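In: A structural model of the following input is requested.
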Amino acid sequence: MSKVTSMHDAVATAVDDGDSLYLAGFTHLIPFAAGHEIIRQGRTDLELIRATPDLIYDQLIAAGCARKVTFSWAGNPGVGSLPAFRRAAEEGYPTEIELEEYTHFGMIAALEAGASNLPFMPLRGFIGSDLPEHNDNIARVESPFDDDYVYAVAPIEPDVAVVRAQRADEDGNAHLWGIQGEVKLAALAADTVILSVEEQCSEETIRSDPNRTVITADEVDHVVVEPYGSHPSYAQGYYGRDNEAYLSWAETAADRDTVEAWLDEWVYGVDDRREYVEKLGTERILDLEPETAYATPVNMGEYR
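Out: From the prediction side, this is the model:
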């Protein structure tokens, strides 16, 4: 049976209050549409996990969805800090949040442990850092072979991961190109996976290039076809990064009233991503169209 469904139904089925939630994607293919749907459905008490919390987590925090943020860097890339994140952490508004911080590699190692069903993952990255003093999921371990030592991180195993790719078949086999980030690990580590894509394609298309198949059907519970589902981040080959949106967010989120007005207009004020895109307007969408740059074809061959 096809796994294709709407974002509304995927979130309604997969995401519960109190869940640990990983929205994956590094610089591009960030699942903004999923985050907005979670806000619309009023989910609360979530542990938000992400290697680079940016605008989408600032928006989820501003909407009162979060109780905890597990992260390795937080900011508005190229612009500055996250105002709603800071208000929640420093002032407890609109909700108090607990923080669990890692280095980038430390967090990826924790995801790797979760994806591999291991009790921990060793790494040297925390030697000389004070993060182990503030994070109970980072521990020093002695080498069983000599007098050396490393640090270990406990596995990160989200209740739900939302991952994006450019295209997928109805079963959830997905092609992804460009920066992959931690998408694969997040999908493997999570109990439930929502896969959101720019377009649905045939199984034949997926089979034509198995090297591009980063996500496979056995990892996926729900497939959502959501064009422009990563705006204002980008989807390699489909649309560019909306830098204006990142710049304007710094001013919007600086004040409680303006960020709440933004949520009212751009999240609560639209029913779904289609209405969001219509609200953006044709001119803005056309400005984000990428130039054509095809990769050189390869001969996959066929053995008979």
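In: how is this protein divided into domains?
Out: Following automatic domain parsing, the chain resolves into domains at 4-102+157-287, 123-154.
In: okay, these, which one's buried deepest?
Out: Sort those by mean neighbour count, taking mean count of other C-beta atoms under 10 Å, and domain 4-102+157-287 sits at the top with a mean of 19. C-beta coordinates here come from the backbone N, C-alpha and C atoms, glycine included.
In: what average pLDDT does stretch 253-272 get?
Out: Averaging pLDDT along stretch 253-272 gives 97.
In: and what about Q166, helix, strand or coil?
Out: strand (DSSP: H, G, I helix; E, B strand; the rest coil).
In: follow-up on the earlier one: can I get the domains of the chain in a markdown table including distance to N299?
Out: Formatted as a markdown table, the domains of the chain follow (distance: least, C-beta to C-beta, whole Å):
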| stretch | distance to N299 |
| --- | --- |
| domain 4-102+157-287 | 12 |
| domain 123-154 | 40 |
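In: for L111, which of those is the nearest?
Out: For L111, the closest of the domains of the chain is domain 4-102+157-287, at 4.3 Å, according to C-beta to C-beta.
In: can you get me a residue count around P119?
Out: P119: 8 surrounding residues under other C-beta atoms under 10 Å.
In: any weak-confidence spans in the stretch 1-150 of the chain?
Out: The stretch 1-150 of the chain contains no residues with pLDDT under 70.
In: rewinding a little: between the domains of the chain, which gets nearest to A109?
Out: For A109, the closest of those is domain 123-154, at 4.9 Å, according to C-beta to C-beta.
In: chain center to that closest one, what's the gap?
Out: From the chain centre to the centre of domain 123-154 is a distance of 27 Å (C-alpha atoms, centre = their mean, to the nearest Å).
In: and the end-to-end length of it?
Out: 11 Å (C-alpha to C-alpha, to the nearest Å).
In: distance of the closest residue in space to H222 that isn't next to it in sequence from Q41?
Out: The shortest distance from H222 to any non-neighbouring residue, by C-beta to C-beta, 6 or more residues apart in numbering, is to A10 (4.0 Å). Using C-beta to C-beta, to the nearest Å, one obtains 11 Å as the distance from A10 to Q41.
In: how about S20?
Out: For S20, the distance to Q41 equals 17 Å [C-beta to C-beta].
In: for R212, same thing?
Out: When distance is defined by C-beta to C-beta, R212 is 32 Å away from Q41.
In: same question for T205.
Out: Distance from T205 to Q41, by C-beta to C-beta: 32 Å.
In: also V141?
Out: From V141 across to Q41, the span is 41 Å (C-beta to C-beta).
In: equivalent analysis for A152, please.
Out: Using C-beta to C-beta, A152 is found at 37 Å from Q41.
In: do P297 as well
Out: Remark: distance between P297 and Q41 (C-beta to C-beta) = 43 Å.
In: can you show me the helices along the stretch 101-250 of the chain?
Out: In the stretch 101-250 of the chain, the helices defined using DSSP state H, counting those that start in this stretch lie at 104-115, 183-189, 203-207, 243-252.
In: quick one: closest of those to A88.
Out: Of all those, helix 243-252 sits nearest to A88, with 15.8 Å by C-beta to C-beta.
In: which other helices and strands does the closest one contact?
Out: Counting contacts by 3 or more C-beta pairs under 8 Å, 6 or more residues apart in numbering; DSSP states H and E, helix 243-252 is packed against helix 55-62, helix 256-266.
In: now the ones you listed in JSON lines, please, with extra columns for distance to V4.
Out: Formatted as JSON lines, those follow (distance: least, C-beta to C-beta, whole Å):
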{"stretch": "helix 55-62", "distance to V4": "23"}
{"stretch": "helix 256-266", "distance to V4": "26"}
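In: out of those, flag the one nearest E219.
Out: helix 55-62 (21.7 Å).
In: neighbours of E112, how many?
Out: There are 20 residues near E112, going by other C-beta under 10 Å.
In: and for N117?
Out: 10.
In: again, but for F105
Out: F105 is flanked by 16 other residues according to other C-beta under 10 Å.
In: next: the one 3 residues further on.
Out: Neighbouring residues of I108 were enumerated by other C-beta under 10 Å; the total is 22.
In: which ones are touching it?
Out: Going by C-beta atoms under 8 Å, 6 or more residues apart in numbering, I108 touches 51, 182, 185.
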